[in-house]
Each structure stands twice: as C-alpha cells, then as structure tokens.
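Engineer: Provide a 3D model corresponding to the input given below.
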Amino acid sequence: MAEPPVDAREGEARAEIVRLNKIIQALMNRAERSTEVQGSDFTLFETAIMLEERVRARTVELEAALAEKERVSGALRKSEAQFAAIFNMTPDPIALTRLSDGVVVEASRSFTRYFGLDAADVVGRATLPGDLDIWVSAEERQGWREMLERAGEVVGLQAQMRRRDGSQVTVLVSSRVFEAGGEQYVVTDIHDISVQARRAAYLEGIASHDPLTGLPNRLLIADRLAQAIGRSRRSGLRVAVCYLDLDGFKEINDTLGHAAGDRVLVEVARRLRLCVRSGDTVARLGGDEFVVLLTDLVDDNECVAALDRLLASFGQAFDLDGQSRGGISASIGITVFPTDQGDPDTLIRHADHAMYTAKQAGKNRYHLFDTSHEQRQTALKKTLQHLREALARGEFCLYYQPQVDCRLGKVVGFEALIRWRHPRLGLMPPAEFIPLIEDTELAAAFGEWVIGAVLAQSDAWRRVGVELQISVNIFIRHLLEADFSRKLAAMLNGYPWGGRSLLQLELVETAALKELNTVRAVVEECRQIGIAFSLDDFGTGYSTLAHLRHLPADEIKIDRSFVAQMLESAEDRVIVEAVIGLSQAFGRSLVAEGAETTAHVGALLALGCNIVQGYAVARPMPAEDVLPWLRGFQPDPGWQPLHETDDD
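Structural biologist: Numbering: from 1, shown residues only. Next up, the predicted model:
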C-alpha cells in the first residue's frame, strides 16, 4: 500500500499530538480526583506522567522532522530561484525540450529574444519543421537527434537556424540528454558564430577568387575541375576546359595604361559569365588569361555552341573613358575529358598548349587539343620556347638526393636533379619537361647549365670541407655534340682543383645502346680527363649482356622500377639479383635507385648491393639543405640485411 503524501503525514502527526495531550489532560484530572478520594492511590497519576513524557518526546521528534522539512523546502526553493536566475541570465540561448517529440518545456529569455519569439509562443511548441521551425535544414536536425540518441550529447555542431523574421544565422549547437521522472529531456545551448562564419567566408573568398574580377582563381578552378572529372566518371558526360588568352590586350595596356587594362579585364569577366550556364565556371588565372570550365556536356555540339558564344562576346567594342575600342579578341584552346585523361593541372596545361596553336593560326579562334603526334609537335615548339626563356630567366634549380653505403652507414655522393620554378605552376619535377628537351636543340643548353651549376656547388661545398661525388644525368644528344669533351675540359679547368674526381655523368642505358659506338668513343675521351660514368636505368634496355662490356661505365644504377617492386614481384627480384651479379662479374660499382623503405634496403643488402638511393635514405633537397642534412645524418638502425638477425 502506498504511503500517504508528506503533507498528509504532517497533518496526522499534529492531530496525534493534540489527541495525546487531551488524553493526558483527562488522565491528570482523573488522577487528581482519585487522589482526593482514595488518598494513597497514585496509579492513574503515574500513568498520566508516563504518557506525558512520551508525548513530549514524540512532540520534540515530530517538531524536529517538521523543521528539517521546512529547511529542505527552503533550500529547494532557493536552488530553484538560483537556477531560474542563471537560466535566464545566460547570454547564449538555452532551451529544455523533450527528446521524444521536441516540445519545449522551458526556454531562457535569451532564447526568446534571439529568435524573436514571445515566451508564451515557445513553451509547449516543438522545434520540429512546421512548428517553431528554427532549423533551416531538416537533415541537420535529424543528424543532431541521431547523434543525441547514439552518444547522449552533441558538442559544437555547426548548423543554420532561422529567426522569426526569416533571417538565417550560423550557430554551434551543444546538447545533453538527461532523465527525470521517467522522461528523457534535452538541454540545448546555442552559440551564435555568424560573424566568424562571415569572416571565414570572406577570407576563403580572398584565397580562392581574383581580387580584380571576383572570378575564381587557379586554386578554385583546379578544385572545381577535379569535382567535374569525378562527376564525369560517374555520369559519362563530358567536361571541356577552355583556356583563353586575349588578343590585342597588350596594346591597351601600353597605350592607355593599366587602369584601362583593368577595366577591360573586368568587362571581359562579365561577358564571359553571361556566355555560360549556371553550372559552368569562369576563372582568371592572371594577366589576360582566363579558363572557362564547361561541365556535363552531352556531345560536341554543346561545346561548339559555347565556344561560338565566347568568341562572339568580344565582337562588341569596349567603352574606355567614353572611347570605343575594338580590336580585342580571344584565342582559345580546348581539351575535353575523358578524351584527354589528364589530371586537372594536365588538362589546363593541354588547353594552354592548344591556345598557343590557335594564336599561331591567326588568333580570334579556338583550337581543340589533339593527342596525335602532329599536334603534340606543334604545341612542343611553344613549350620549348617557354623552356628556353625560363632557362635565360634563371627559373631552374638543382635538388640533391644522397647516395649512401647502407652497410657502412656512410654518405658517398649525391645525384643532382633539375627542377623548374614555374611562375604559375610552382615547382615542377623533371618528368614534366625533361622528355620534351632530351631530343631537341635545348639538350646541350640545359646540359651545360646543369654541369656548370654542379661544378659551382661542388666548389662551394669543397671550401667548407665537403668533397663528395655528384652524379649528373647527361642527354645523349648533348654528349654526341661536336667537341663535347673539349668543352667539358674547359669548364673543369675553370676551377683550381679541376673538379674531375667529384663529377660523374650518368647515361641512360636505352639511349646509349642506340648510338653505342659513338657514345663509347666520347666516353673514352671524357674518362681521359678524369670524368667517371654511370649507366642509369640499367636493365631496361635490350641486348644488355651483349653490350655491357662495350660501354666503359664505372658504375651501374639498377632501374628504380625493378627495385620498387622487388618485394612483391619475384620476377623483379630476379632481375635485381641478376644485375648485381653482372656488376660483380664485370667489376662495376653498383647503386640501387628507388629504395623507398627500410625493407627495400634490407633486401638489397642481403643481395649484395650496399649503395642505395631513395626515400628510405632521403628525399631530394635544395642545395641549402644539404650541409645541415649531412651534419645531422645518422644511419638507420633498421638498415640490416633481411636474412640477418639482431644477434649476427
């Protein structure tokens, strides 16, 4: 049976005290009368005294309990008042809701003020869409609820919320679930970050947009192109990258000044935007170069129609300070994914090549990038001109990758690797431009620059006590030029120490085999003036066994493709082992390229190859980092042959 309420028990206790006091008083009166009558009979009197003492004790007990209840009730009222004060004084909006249906049980004054609601309109209504409707996105609210049900709390969830006037704000929502009276409730704190969000969006806009035209810049167009490529792979629709360069813009800048040129660029941006659909992108890369990204193209007709609109947009003259100026057009290069399977940077570069073809063909036209040999050669001419100019401007530099005897833990040399500090594309690796150079007239110019830079760097390091051999890749076309050995000797003689013992030239095996007899003669001439030679990419050429003894190289470099796969491929491991055997049989020193992990080093050591080059040792580094790296170099304890144990 359930106990009666506390207030009922209190009333019963008070009634019991009154009843007992009445009984005591009646007994006392009877005892007094009995004493008067009987004289010595005190039985009733004593009983009354005993009852009085019990009643007094019970009264004290009940009054103490009542006092404690009053104290607890007062403390509870005080706590509730303090909670209400804190709840309503908190600057952040706070609400107490039921988890089951989202109905608001209590809301702080800051909550009602923040959302522009009346207090009477909040309590009893739900935060669900269609009621209070403070969540902009039903999906965001559903995600918030799922997190609460899963973890019991949500901390700092960024969301969009809506005020009564319809304005949207960015907030961080933090909530916690608790249980009371068998019901689950949620207390939620809402912190406004609209100012920070707008500031972040502003900074992001500065980082990703051209400040003059407001168009996306190279960073943003590359990101959107990557997304468009992903969508194309899923949908099968095409993506066209259009690279525009203005014709006649330089004359505007030269005659009317840069302010007029800027106005032309802003107007060009406006016209280009009007030519494309909402899902397309117009970007400015810099100067008078723009990129238009056309996405979700069904066929070539859509692309051609868009290109015609772009060219036509330049037909109207430009108004410059009240003067009408024509003569501005655009040369456009286009490449289309997935016909051109390049990454974003490659696609933009291919479109750039196609743009130069359009410009050379007479300007004010577009040209589609073609992967055929004839079109590649046309684009190559322009690229080679860029490379020639870049060399003259000093845009190339050398990185150095260490070669280490991992058995002895000793640095034995470096390989010099060329890099291009492209003013727009950043630091470019040799694979991006060396294949374009090696069979052209630029081969000698680049080769001489690299050798000269290496000799100068060797001299600088020698002055501080560092004398290590540096390997340089040499183009076969450069090697076979008339008087190569004489010119090389003249370069060496420019240094008092001669430089011979510290310079090694690397020949690519496949290229050397094509001109075997001629190459052999030049190599012999160079060896007479103290130059060492290495046979690079060994194992990739044909007739290697037949011609190895005819190539007077001092060193063999195992091709990185075999080394990289030797741990997974038994065939590649056999090739590596065979090359090591050949080097030993012919008395050539040996270097393994492409050792990317400690496991590669261990496998090479076990097979008898001690000198290693690759990421397992160090990545290529600029010249200024070499001396600090040498000072801090420590052999990796993991450089042990795989067949040896720690006890060996």
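
Engineer: most centrally placed residue in the protein?
Structural biologist: In the chain, the centroid-proximal residue (Cα atoms, centre = their mean) is D223; its distance is 11.4 Å.

Engineer: how about the one helix or strand that residue maps to: buried residues?
Structural biologist: Using DSSP states H and E, D223 sits within helix 218-235. Using 16 or more other Cβ atoms under 10 Å as the test for burial, helix 218-235 gives 218, 220-222, 224-225, 228-229, 232. Glycine gets a C-beta too; all of them are placed from N, C-alpha and C.

Engineer: Just flag the most distant two among the residues you listed.
Structural biologist: Greatest spacing in those, by Cβ to Cβ: R218 and S232 (20.5 Å).

Engineer: As a markdown table, the buried residues of helix 218-235 with pLDDT would be great.
Structural biologist: Putting the buried residues of helix 218-235 into a markdown table (pLDDT from 0 to 100) gives the following:
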| residue | pLDDT |
| --- | --- |
| R218 | 89 |
| L220 | 91 |
| I221 | 93 |
| A222 | 91 |
| R224 | 93 |
| L225 | 95 |
| A228 | 94 |
| I229 | 94 |
| S232 | 93 |
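
Engineer: Which of those residues sits closest to L398?
Structural biologist: Relative to L398, the closest of these is R218; by Cβ to Cβ it sits at 26.5 Å.

Engineer: residues in contact with that closest one?
Structural biologist: 283, 285-286, 424 (Cβ atoms under 8 Å, 6 or more residues apart in numbering).

Engineer: nearest to A599, of the residues you listed?
Structural biologist: R424 (39.2 Å).

Engineer: mind checking pLDDT for the closest one?
Structural biologist: Note for R424: predicted pLDDT of 88.

Engineer: burial of P620, as a residue count?
Structural biologist: 18 (other Cβ atoms under 10 Å).

Engineer: Tell me which other helices or strands the helix or strand where V574 lies touches.
Structural biologist: Element membership for V574 (DSSP H and E) is helix 570-586. Helices and strands touching helix 570-586, by 3 or more Cβ pairs under 8 Å, 6 or more residues apart in numbering; DSSP states H and E, are strand 555-558, helix 560-565, strand 589-593, helix 598-607.

Engineer: report the angle between the axes of the third one and helix 598-607?
Structural biologist: Going back to what we said before, that points to strand 589-593. On the basis of axes from the mean of the first three to the mean of the last three Cα atoms, to 10 degrees, strand 589-593 is oriented at 160 degrees to helix 598-607.

Engineer: And the contacts of strand 589-593?
Structural biologist: With contact meaning Cβ under 8 Å, 6+ apart, strand 589-593 is reached by 403, 534, 554-560, 563, 576, 579-580, 583-584, 600, 604, 609-614.

Engineer: If you count neighbours, what's buried in it?
Structural biologist: In strand 589-593, counting by 16+ other Cβ under 10 Å, buried: 590-593.

Engineer: And for stretch 602-612?
Structural biologist: Result for stretch 602-612 [16+ other Cβ under 10 Å]: buried residues 602-605, 607, 609-612.

Engineer: Which one, of the helices and strands packed on helix 570-586, ends up nearest to L274?
Structural biologist: The closest of the helices and strands packed on helix 570-586 to L274 is helix 560-565. By Cβ to Cβ, the value is 50.7 Å.

Engineer: could you dump the closest one to PDB, C-alpha only?
Structural biologist: Taking C-alpha atoms only, helix 560-565 is exported to PDB below (Å, rounded to 0.1, in the frame of the first residue of the first chain):
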ATOM      1  CA  ARG A 560      64.000   2.200 -59.800                       C
ATOM      2  CA  SER A 561      61.100   0.300 -61.400                       C
ATOM      3  CA  PHE A 562      62.700  -3.100 -60.500                       C
ATOM      4  CA  VAL A 563      63.800  -2.000 -57.000                       C
ATOM      5  CA  ALA A 564      60.400  -0.600 -56.200                       C
ATOM      6  CA  GLN A 565      58.600  -3.900 -57.000                       C
END
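
Engineer: who does it touch, helix- and strand-wise?
Structural biologist: helix 570-586, strand 589-593, helix 598-607.

Engineer: pLDDT below threshold where in the stretch 1-150 of the chain?
Structural biologist: 1-14, 16-17, 19-52, 54-55, 58, 65-89 (pLDDT under 70).

Engineer: before we move on, back to that, closest to Q341 among the buried residues of helix 218-235?
Structural biologist: I229 (9.4 Å).

Engineer: any chance you could map the strands in the stretch 451-600 of the chain?
Structural biologist: Using DSSP state E, counting those that start in this stretch, the strands found in the stretch 451-600 of the chain span residues 469-473, 503-508, 532-538, 555-558, 589-593.

Engineer: re earlier: using TSV, lay out the helices and strands packed on helix 570-586 together with mean pLDDT.
Structural biologist: Shown next, in TSV, are the helices and strands packed on helix 570-586 (pLDDT from 0 to 100):
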stretch	mean pLDDT
strand 555-558	89
helix 560-565	89
strand 589-593	92
helix 598-607	93
